[in-house]
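# Pasting a predicted model and its sequence here:
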Amino acid sequence: MEPVGKTIRVKDIMSTPFYSIRTDQTVQEALDEMKNKGLKRIAIVNAEGQLRGFTDSWRLKLVDSKQIIDKAITEKPHIYTITSTVSQDKRIEEITPILLEKDILAVTDDRGEKVGVISKIDLSRLKTLF
């Protein structure tokens, strides 16, 4: 529920910055990067920077660490979640139905650049923020 007089937008509660791994990296490189940045979940992008989805460190540990990400997600699609992007200027009530279905969304700025993520966890923090 939105507080009276305050419009809550994605940018008000999203997590930043946007971290990603490329599909041409190995699973081990991805795990190392996630460990170094203290991440449990990370976006997967192709060579052109287009979002492919998100994965978790525990899912990546289910495949050979020497395998290339692109091959791993092709052979074992259960190790990642396909998702969407959303503008940082969208109102929370506009994206809540999508977020409840997708679990996590990449957030873009007005130029279409990825600037963060928003997840169900971010939504749950609303009660403590306002």
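Perfect, thanks for sending it.
# name the helices or strands packed onto the particular helix or strand that has G53 in it?
Assessed by DSSP states H and E, G53 sits inside strand 51-56. Counting contacts by 3 or more Cβ pairs under 8 Å, 6 or more residues apart in numbering; DSSP states H and E, strand 51-56 packs against strand 41-45, helix 69-75, strand 80-81. Every C-beta, even on glycine, is put in place using the N, C-alpha and C of the backbone.
# K35: what's it in contact with?
For K35, the contact set (Cβ atoms under 8 Å, 6 or more residues apart in numbering) comprises S57.
# Which helix or strand contains it?
K35 is part of helix 27-37 when elements are defined by DSSP H and E.
# Low-confidence ranges, the chain, go.
Low-confidence segments of the chain (pLDDT under 70): 1-5, 127-130.
# Please repeat the previous calculation with a cut-off of 80.
Along the chain, the model assigns pLDDT under 80 to residues 1-6, 125-130.
# before we move on, back to that, ranking the helices and strands packed on strand 51-56 by burial, who's on top?
strand 41-45 (a mean of 21; mean count of other Cβ atoms under 10 Å).
# Any chance you could list what contacts it?
So strand 41-45 is contacted by 18-23, 30, 33-34, 51-57, 69, 73, 80, 104, 106, 114, 117, 119 (Cβ under 8 Å, 6+ apart).
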